[in-house]
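Undergrad: Dropping a prediction and its sequence here:
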Amino acid sequence: MGNELKGTKEGIERARILDIPVDMVDYDSALACFRKFMEREGCDMIVTPNSEIVVNATKDPALKDLIEHASLIIPDGIGLVKAAKIKHLPLHDRVTGVDFLTLILGELESTGKSIFLLGSKPENEERASVADLAAAAMKEKFPGLIVAGTNDGYFKAADEPALVKKINDSGADFLCVALGSPKQEKFIYEHAAEFTSVKAAIGVGGTLDVWAGTVKRAPEFWQKHGIEWLYRFLKEPVRFKRVLQLPVFMAKVIASK
């Protein structure tokens, strides 16, 4: 499994960790790529792999293939930074999906482009849908942001043609999908060619829940030290199997070296 660097058409370096591609980007270079996506035809896919997704991709050929076809692969996870250090790759910090999305929202506001939020839980008797709550919070932080539309993540395969039409009818420039991995990545990949206005799409996992306030993000100390995964585990012990993926990932990286 090589880890040699290769340039992408965006002018960034792409390496391989456990034979899964990862871009050697920071927030500035990732945002520069996003700006290019928004100015050209077609729908560019942004994926946000962490250690768990990389391990899953080594076992799921379909997931690996769509990551290979992504226009931007940001290193969302401290495990990837540690792996890069072991492999002497020029990746010095992670680019988290939640923080990158915040930068994107600011960019959309300043350029007058719009976003469609897809995913997470529907409304219930106590609250609006998570997507609607997230949209309201985004508008509060970025008053000029245009939210073209929202939809919860509880839909069936048979509903997807109508959902794609809803996204297209909204005229959204950017699509944010929070369905969990690999469902969110596969949704984007399978429908990218059908989108008529969407210039770029990203899978963001639980980020809409963080914006909506239904899930609390780890405090800054945990973020700075790259141990948000531990905070989430302590809050949700049921994540035990997912947390185990990090040592499995690191063992595989060391073995591959």
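TA: In hand now; what should we look at?
Undergrad: what about the helices in the stretch 51-200 of the chain?
TA: With DSSP state H, counting those that start in this stretch as the criterion, the stretch 51-200 of the chain has helices at 51-59, 61-68, 78-86, 97-111, 130-141, 160-170, 183-191.
Undergrad: Return the distance of the longest one from the chain's centre.
TA: When you say that, I think you mean helix 97-111. Its chain's average C-alpha position is 13 Å from that of helix 97-111, according to Cα atoms, centre = their mean, to the nearest Å.
Undergrad: So which elements touch it?
TA: helix 27-37, strand 114-119, strand 174-178, strand 200-203, helix 207-212 (3 or more Cβ pairs under 8 Å, 6 or more residues apart in numbering; DSSP states H and E). All C-beta atoms are positioned from the backbone trio N, CA, C, and that covers glycine.
Undergrad: go again using 6 Å as the cut-off
TA: On a contact count with 3 or more Cβ pairs under 6 Å, 6 or more residues apart in numbering; DSSP states H and E, helix 97-111 meets helix 207-212.
Undergrad: Also the fifth one?
TA: On a contact count with 3+ Cβ pairs under 6 Å, 6+ apart, helix 130-141 meets strand 114-119, strand 146-151, helix 207-212.
Undergrad: can you rerun that using 10 Å?
TA: The elements that helix 130-141 packs onto, with contact taken as 3 or more Cβ pairs under 10 Å, 6 or more residues apart in numbering; DSSP states H and E, are helix 97-111, strand 114-119, strand 146-151, strand 174-178, helix 207-212.
Undergrad: Give me the angle between it and strand 174-178.
TA: Here helix 130-141 points in a direction 130 degrees away from that of strand 174-178 (axes from the mean of the first three to the mean of the last three Cα atoms, to 10 degrees).
Undergrad: picking that back up, between the helices and strands packed on helix 130-141, which gets nearest to M250?
TA: helix 97-111 (20.7 Å; Cβ to Cβ).
Undergrad: Turn the helices of the stretch 51-200 of the chain into CSV, including mean pLDDT.
TA: Formatted as CSV, those follow (pLDDT from 0 to 100):
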stretch, mean pLDDT
helix 51-59, 93
helix 61-68, 95
helix 78-86, 91
helix 97-111, 97
helix 130-141, 98
helix 160-170, 98
helix 183-191, 96
